[in-house]
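S.K.: Mind looking at a prediction? Sequence and model below.
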Amino acid sequence: MKRIFISLLILLIVFLTGCGSKESRVIGKWHGNGAVFEFFSDKTFTMNPESGTGENFTGTWTILSDGRLKADVNMILTKSVILGEFSGNTLKIDINGTKGTLKRVNAKTGFWNTIWTLLKFIIP
């Protein structure tokens, strides 16, 4: 019985850690370069100044076939394109040739977060 339980637990862990889509990597809040980006599951996002004062921008995003982020920003009288490349909890971005780095706010640690959550239910 114990072997069956351990086997099912391992199978559950593998299943849970492999369920993330490419799109789920971007959803949430990111900050850096004086701005806070929030990406939503409906493929829209907001870009606001960290200071809380200044222009707020909106746009749409998608994940390209090579895994990079492409976001179209509606700016005053123009549209800009943001390209981003993921590296862990960091998103390296390029906005019309200007490079920057965003860090995920309240980042989850993926695999180890799943393990910790399961252990909290198993061990009282």
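M.R.: Right, received. Where do you want to start? Residues are numbered from 1 along each chain as shown.

S.K.: Sketch out the helices for the protein, chain order is fine.
M.R.: Taking DSSP state H, the helices of the chain run over residues 2-17, 111-122.

S.K.: Those helices: lowest mean pLDDT?
M.R.: Across these, helix 2-17 has the smallest mean pLDDT, namely a mean of 54.

S.K.: Pairing partners for the nearest residue to F57 once chain neighbours are set aside in the sheet, please.
M.R.: Nearest residue to F57 in three dimensions, chain neighbours excluded: M47, at 4.4 Å (CB to CB, 6 or more residues apart in numbering). C-beta here means a position set from N, CA and C on the backbone, and glycine is covered the same way. Beta-bridge partners recorded for M47 (DSSP bridges): F37, F57.

S.K.: In this structure M47 contacts V36, no?
M.R.: Yes. Taking CB atoms under 8 Å as the definition, M47 is a contact partner of V36 at 7.5 Å.
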